[in-house]
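Engineer: Please work out how this folds:
(chains A and B)
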2 protein chains.
Amino acid sequence: MEFTTAPADAQRPAPLRTRVTEMLGIDYPIVQAPMGWIARSRLASAVSEAGGLGIIETSSGELDAVRREIIAMREITGKPFGVNIAQLFVRDPSIVQFVVDQGVRFVTTSAGDPTKYTRQLKDAGLTVFHVVPTLAAAAKAVAAGVDGLVVEGGEGGGFKNPRDVATMVLLPLIAGRFDVPIIAAGGICDGLGMAAAFALGAEGVQMGTRMVSALESPVHDNWKQAIVDAAETDTVFLNRFSRPGLRALRTARTTELEHQEHVGMDEFGRALDLYFGGDMEASVALTGQVAGRIDAVRPVADIIHETMREFRERARLLAAHA
Amino acid sequence: MEFTTAPADAQRPAPLRTRVTEMLGIDYPIVQAPMGWIARSRLASAVSEAGGLGIIETSSGELDAVRREIIAMREITGKPFGVNIAQLFVRDPSIVQFVVDQGVRFVTTSAGDPTKYTRQLKDAGLTVFHVVPTLAAAAKAVAAGVDGLVVEGGEGGGFKNPRDVATMVLLPLIAGRFDVPIIAAGGICDGLGMAAAFALGAEGVQMGTRMVSALESPVHDNWKQAIVDAAETDTVFLNRFSRPGLRALRTARTTELEHQEHVGMDEFGRALDLYFGGDMEASVALTGQVAGRIDAVRPVADIIHETMREFRERARLLAAHA
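Structural biologist: Numbers count the residues shown, from 1 in each chain, chains lettered A, B, ... in the order given. From the prediction side, this is the model:
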């Protein structure tokens, strides 16, 4: 006798309506973070196909490659996706026209002044969210007219404000002051974190480290395995007193760098040898504290759909206390 | 015409049942943190009277004063309260008999080996929660037979593991591994944080900075005002590479100390001149990141009852997504 399982689509959780899903035209308010070199069509299309929002990065600075990835996205998926403009790395203002020309509908801007591109992007009809690590940055972005915010707690991986503030404090602080829709980032890898983020005022979540470790992520298996193996204490914060602040996986290299008052970009080493060559000491593996909660490499669709089921389960748990 | 408001008791929120409230015999699972010198009868009795759990500190090391405070608690309130045994500061093992002799029913142990006092305290019929900053510490405490855990995220104020982990990551990690009841600490000052903590697996919350800033807190108004004035980025973390790690309010003094690889206890200065004299540069004001969310000095009962109302409001918000 044959054993059959229901087709994947039948197991898809029901869509969730929030201002974020309405604005972006997606089923689930789960956004993939724009990791440099990693957030390309293979990973981003898996996220969009699963009902979340894939985002293509520009922080690699490789705009020719980015253009090809955006074209690839349209070939792979008919679902919505976004592009991140990492202002620290993409200094040429033609990036705006570039994004508009690709027909992109949603942009997150980060690591820079929100007044720089917001008006131009919105005039071209795009939806713009700005990534903020503090209340002051949020105030500036809202004043610049953004449609929403990505509020990023300091427990997350990657580029950070040197004065890091945890999601538990930052998110409700900002959500309580401004009425724009918020996507919470930093410390979130599942439906428990998503439910907590909603309790704190978010209407969507962004996952970085969880997506780096996903099956469809293009990084070397050594990095994925290092995330699976990591304890919650296995990240370091570099450049606490200068920019760019960074959270990364604890390795021999980063454990040394952690003691330096300043780590220059030139000291980060050969990123691609780590990302795709698997040499974990060749550079700095940008990774958040949630690495300590990730214990398997899993397909993106499983991650997103399980997150939605867990989210609803936790919502019911809270409902029992209402 | 006279304007009257309902009596305070009529506005008291309904009790909440969790394993924490059942174990401790309290109405609301809101516990006050055991701040040295501060967590004494005036503040702790206000918390217990309001339906939460006040805790008397021992980290000041002033056991004669502590004894008087415990006696005072019995005079002021008939409600349950607890005592914290801060093992780093109270090295005399007679502390256990001391606590037992005072008729205390609930103890939190912290900053030390959970195997040291747990058995003795439990044999004497007390309920014991151990404070943990990592998964490994939680495993050790559960193996030692504690009744529950206080899981303390690195965004909180005071003594910290040098490798700090945010509540958003630490709490669900520990709650997912052990079935003991958990009180969440670190980054929580209201019902939003409480609802988030419950979503992450807690059955109670602990508040430190919020209680330091409360009307009934004995600290100098200068410290309370500094908390009210603080931005979310206005804390520093001292001793990232040695013990004791500490989170404190950013002042001229702590901004300097922050750059030192190690800050010895002798460099902390004259604590009581800061705590009760109001000289904010005399020492180190142990304070969590939630200072950035606290904008008024308020009576303990208002804080606790509003937290419960906010908690239920957020639970209803989540329920709408269930």
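
Engineer: Would you confirm that A:Arg67 belongs to a helix?
Structural biologist: Yes - membership of A:Arg67 in a helix is supported by DSSP: H, G, I helix; E, B strand; the rest coil.

Engineer: Tell me how many other residues crowd it.
Structural biologist: Using other CB atoms under 10 Å in any protein chain shown, A:Arg67 has 14 other residues around it. No exception for glycine: its C-beta is placed from N, CA and C like everyone else's.

Engineer: can you pull the contacts of it?
Structural biologist: Contact analysis of A:Arg67 by CB atoms under 8 Å, 6 or more residues apart in numbering or on different chains lists A:Phe98, A:Gln102.

Engineer: I'd like the distance between it and chain B.
Structural biologist: Distance, A:Arg67 to chain B, using CB to the nearest CB, to the nearest Å: 36 Å.

Engineer: Check what pLDDT that residue gets.
Structural biologist: At A:Arg67, the model reports a pLDDT of 92.

Engineer: Quick one: the helices in the stretch 101-250 of chain A, in order.
Structural biologist: For the stretch 101-250 of chain A, the helices defined by DSSP state H, counting those that start in this stretch cover A:118-123, A:135-143, A:167-175, A:191-199, A:209-212, A:221-229.

Engineer: can you give me how far the third one is from the chain middle?
Structural biologist: With CA atoms, centre = their mean, to the nearest Å as the basis, the distance from the averaged C-alpha position of helix A:167-175 to the chain average is 17 Å.

Engineer: Include mean neighbour count, mean pLDDT and distance to B:Tyr275 when you put the helices of the stretch 101-250 of chain A into a markdown table, please.
Structural biologist: Shown next, in a markdown table, are the helices of the stretch 101-250 of chain A (neighbours: other CB atoms under 10 Å in any protein chain shown; pLDDT from 0 to 100; distance: least, CB to CB, whole Å):
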| stretch | mean neighbour count | mean pLDDT | distance to B:Tyr275 |
| --- | --- | --- | --- |
| helix A:118-123 | 16 | 96 | 46 |
| helix A:135-143 | 18 | 98 | 28 |
| helix A:167-175 | 29 | 98 | 23 |
| helix A:191-199 | 30 | 98 | 33 |
| helix A:209-212 | 29 | 98 | 40 |
| helix A:221-229 | 17 | 98 | 43 |
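
Engineer: Of those, give the one that comes closest to A:Glu256.
Structural biologist: Minimum separation from A:Glu256 across those (CB to CB) falls at helix A:221-229, 17.1 Å.

Engineer: Mind giving me the packing neighbours of that closest one?
Structural biologist: Applying 3 or more CB pairs under 8 Å, 6 or more residues apart in numbering or on different chains; DSSP states H and E, one finds that helix A:221-229 makes contact with helix A:209-212, strand A:245-249.

Engineer: now the ones you listed in JSON lines, with distance to chain B?
Structural biologist: Formatted as JSON lines, these follow (distance: least, CB to the nearest CB, whole Å):
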{"stretch": "helix A:209-212", "distance to chain B": "10"}
{"stretch": "strand A:245-249", "distance to chain B": "11"}
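
Engineer: Can you add distance to A:Gly156 and give the ones you listed back as a markdown table?
Structural biologist: Output for those, formatted as a markdown table (distance: least, CB to CB, whole Å):
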| stretch | distance to A:Gly156 |
| --- | --- |
| helix A:209-212 | 8 |
| strand A:245-249 | 7 |
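
Engineer: mind listing what A:Arg240 touches?
Structural biologist: A:Arg240 touches A:Pro162, B:Glu258, counting by CB under 8 Å, 6+ apart.

Engineer: quick one: it and B:Ile182, what's the gap?
Structural biologist: Separation of A:Arg240 from B:Ile182 (CB to CB, to the nearest Å) stands at 30 Å.

Engineer: now A:Val128
Structural biologist: For A:Val128, the distance to B:Ile182 - CB to CB - is 39 Å.

Engineer: ok, the two, which is more surrounded?
Structural biologist: B:Ile182 (28 against 24).

Engineer: List the beta-bridge partners for A:Phe159.
Structural biologist: Counting by DSSP bridges, A:Phe159 forms beta bridges with A:Leu246.

Engineer: from memory it sits against A:Ala248, does it?
Structural biologist: No - between A:Phe159 and A:Ala248 there is no contact under CB atoms under 8 Å: 10.3 Å.

Engineer: joint contacts of these two?
Structural biologist: Going by CB under 8 Å, 6+ apart, residues that sit against A:Phe159 and also against A:Ala248 are A:Leu286.

Engineer: Tell me who's in contact with A:Tyr117.
Structural biologist: A:Ile85, A:Gln87, A:Pro93, A:Ile95, A:Val96, A:Val107, A:Thr109, A:Val128.

Engineer: same thing but at 10 Å, please
Structural biologist: By CB atoms under 10 Å, 6 or more residues apart in numbering or on different chains, the residues touching A:Tyr117 are A:Ile85, A:Gln87, A:Pro93, A:Ile95, A:Val96, A:Val99, A:Val107, A:Thr109, A:Leu126, A:Val128, A:His130, A:Ala144.

Engineer: So how do I select the buried members of the residues you listed in PyMOL?
Structural biologist: In PyMOL, a selection of the buried entries from these looks like this (16 or more other CB atoms under 10 Å in any protein chain shown):
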select buried, chain A and resi 85+87+95+96+99+107+109+126+128+130+144
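
Engineer: out of the contacts of A:Tyr117, which touch chain B?
Structural biologist: Of the residues in the contacts of A:Tyr117, proximity to chain B by CB under 10 Å from any CB of the partner chain holds for none.

Engineer: Return the member of the contacts of A:Tyr117 nearest to chain B.
Structural biologist: A:His130 (17.6 Å; CB to the nearest CB).

Engineer: That closest one pairs with what?
Structural biologist: According to DSSP bridges, beta-bridge pairing links A:His130 with A:Thr109, A:Leu149.

Engineer: That one: what's it in contact with?
Structural biologist: Contacts of A:His130 by CB under 10 Å, 6+ apart are A:85, A:87, A:107-110, A:112-115, A:117-118, A:137-138, A:140-142, A:144-151, A:180.

Engineer: if we go to 8 Å?
Structural biologist: Contacts of A:His130 by CB under 8 Å, 6+ apart are A:Thr108, A:Thr109, A:Ser110, A:Pro114, A:Thr118, A:Ala137, A:Ala141, A:Ala144, A:Val146, A:Leu149, A:Val150.

Engineer: Could you do A:Ser110 as well?
Structural biologist: A:Ser110 touches A:Pro34, A:Asn84, A:Ile85, A:Ala86, A:Gln87, A:Leu88, A:His130, A:Val131, A:Val150, A:Phe159, counting by CB under 8 Å, 6+ apart.

Engineer: Would you list the buried entries among the residues you listed?
Structural biologist: Listed as buried from those are A:Pro34, A:Asn84, A:Ile85, A:Ala86, A:Gln87, A:His130, A:Val131, A:Val150, A:Phe159; burial here means 16+ other CB under 10 Å.

Engineer: Hmm, the first one is touching A:Ile85, no?
Structural biologist: Looking back up the chat, that one is A:Pro34. No - under the criterion of CB under 8 Å, A:Pro34 makes no contact with A:Ile85, lying 9.0 Å away.
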